[in-house]
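[1] just a sequence and a predicted model for now, questions to come.
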Amino acid sequence: MDRVWQVVQRLMQHYRERWRPSETDPFKALVHTILSQNTNFKNEMEAFRNLDKNLGINPETLSKASVEEIAKHIRVAGLHRQKSVKIKKVAQYIVKKYDGDLWKVLKLPLEQARRELMSMPGVGPKTADVVLLFNARKHVIPIDRHIFRISRRLGFVSQNAGYEEVRAVLEKNIPERYYEDAHVLLIQFGRDYCRARKPKCDECFLSDLCPKIGV
Ligand code: SF4
């Protein structure tokens, strides 16, 4: 679908500055993504900093820390009890199965690494794909809630499309070397224009490409 690539090209023209996750440690990136679930960027960052400063974010430490202790430091991110259980379990799993070294998984071929990551407690497709794209530099586009919403409104996929369908459509229509740009720019666009509530269709620079499905 040409329109997918047209949209991404226009996003690249509009947004000259592109952020990238600064985290190079894949375990920290994994914890970041767990903390980001159902919260905003500011609270996710604050929880991450609290946890790193007070306990340290590495599999050894977090596998031994109590759920209560982890929860105490990530309270600001919301759902802190569930998230702390996930973080502790995934830390224990990585220590037990990979001697605490997540790079052992990331060095595997893409599909195998993806399966391994998704078999870990608390790790779903988005978390796995974020780590694979930004830490392992694999060719994959993680789909977050902004990208889901935009893909449906722009008619790239049907309204009931699931994660794998959205991912497949985007990956098929965007050249691999632009996967990172596509991911970060679609999220930025979702925050700035195509917001969940009250999207700014009147000001939107993609309006001529958009059937505005469901808006
Ligand atoms: S025109 Fe509206 S619905 Fe379509 S991409 Fe822009 S903000 Fe989203």
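    Received the coordinates, thanks.
[2] which bits of the chain sit near the ligand?
    Neighbours of the ligand within the chain, by Cβ under 6 Å from any ligand atom: 153-154, 193-194, 199-201, 204, 206-207, 210, 212, 215. (Each C-beta comes from the backbone N, C-alpha and C, glycine too.)
[3] switch to 8 Å and redo it
    When proximity is defined as Cβ under 8 Å from any ligand atom, the chain approaches the ligand at 150, 153-154, 189, 193-195, 199-201, 204-207, 209-213, 215.
[4] show me what contacts residue 116?
    105, 108 (Cβ atoms under 8 Å, 6 or more residues apart in numbering).
[5] which secondary structure elements does the helix or strand where residue 12 lies contact?
    Using DSSP states H and E, residue 12 maps to helix 2-14. Judged by 3 or more Cβ pairs under 8 Å, 6 or more residues apart in numbering; DSSP states H and E, helix 2-14 is in contact with helix 163-173, helix 179-192.
[6] mind listing what's buried along the last one?
    What that stands for is helix 179-192. Residues of helix 179-192 classed as buried: 179-190 (neighbour count, 16 or more other Cβ atoms under 10 Å).
[7] what's around the closest residue in space to residue 178 that isn't next to it in sequence, how many residues?
    Distances taken as Cβ to Cβ, 6 or more residues apart in numbering put residue 8 closest to residue 178, at 6.3 Å, once the chain neighbours are dropped. Around residue 8 there are 22 other residues, counting by other Cβ atoms under 10 Å.
[8] surely residue 8 is in contact with residue 174?
    Yes. Residue 8 is within contact range of residue 174, at 5.5 Å (criterion: Cβ atoms under 8 Å).
[9] which neighbours do the two share?
    Shared contacts of residue 8 and residue 174, defined by Cβ under 8 Å, 6+ apart, are found at residue 182.
[10] now for the lengthiest helix in the chain, which elements pack on it?
    Within the chain, and with DSSP state H defining each element, the longest helix by residue count is helix 80-98. Here helix 80-98 touches helix 26-36, helix 59-64, helix 67-74, going by 3+ Cβ pairs under 8 Å, 6+ apart.
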